[in-house]
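1. Sequence first, then the predicted structure, then my questions.
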Amino acid sequence: MQEFFTWAMLGTYAGAVLATTLITQLVKEWLKSIPTRIVSYVIALVVLLLAAAFNNALTLADGALCLFNAVIVSLAANGGFDAVTKE
């Protein structure tokens, strides 16, 4: 594998969770006035929509499913980060 991420990999559950976790942790300090869970959801939604678009799989039905899948990805990203950082 030559790349860290591919659009196909970002379209998977694991890839979307990893990207959402990393991007959220990177930008949450800049967006302190917005709750982290909302930031995480928006990032998950953008990742999923972009992955579908770049894989030529973005239809109206898939876009609607991204709204729901982003909830699952966001909650998994938040929970995974909390599990790793709690003492």
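-> Yep, that arrived. These numbers were taken from a predicted model, which means no experiment stands behind them.
2. Dump the C-alpha coordinates for stretch 3-11 into PDB.
-> Extracted C-alpha coordinates of stretch 3-11, given in PDB (Å, rounded to 0.1, in the frame of the first residue of the first chain):
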ATOM      1  CA  GLU A   3      -0.900   5.700   0.500                       C
ATOM      2  CA  PHE A   4      -2.000   6.300   4.100                       C
ATOM      3  CA  PHE A   5      -5.600   6.700   3.100                       C
ATOM      4  CA  THR A   6      -7.600   6.000  -0.100                       C
ATOM      5  CA  TRP A   7     -11.100   7.200  -0.800                       C
ATOM      6  CA  ALA A   8     -12.200   3.600  -0.900                       C
ATOM      7  CA  MET A   9     -10.700   3.000   2.600                       C
ATOM      8  CA  LEU A  10     -12.300   6.200   4.000                       C
ATOM      9  CA  GLY A  11     -15.700   4.900   2.800                       C
END
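3. Show the contacting residues for the residue nearest to the spatial centre of the chain.
-> Central residue of the chain (C-alpha atoms, centre = their mean): residue 44, 2.7 Å from the mean position. Residue 44 sits next to 16, 20, 69, 70, 71, 73, 74, 77 when contact means C-beta atoms under 8 Å, 6 or more residues apart in numbering. C-betas here are computed from N, CA, C, even on glycine.
4. Go again with 6 Å.
-> Residues in contact with residue 44 (C-beta atoms under 6 Å, 6 or more residues apart in numbering) are 20, 70, 73, 74.
5. Show the buried residues in these.
-> Using 16 or more other C-beta atoms under 10 Å as the burial test, the contacts of residue 44 include 20, 70, 73, 74 as buried.
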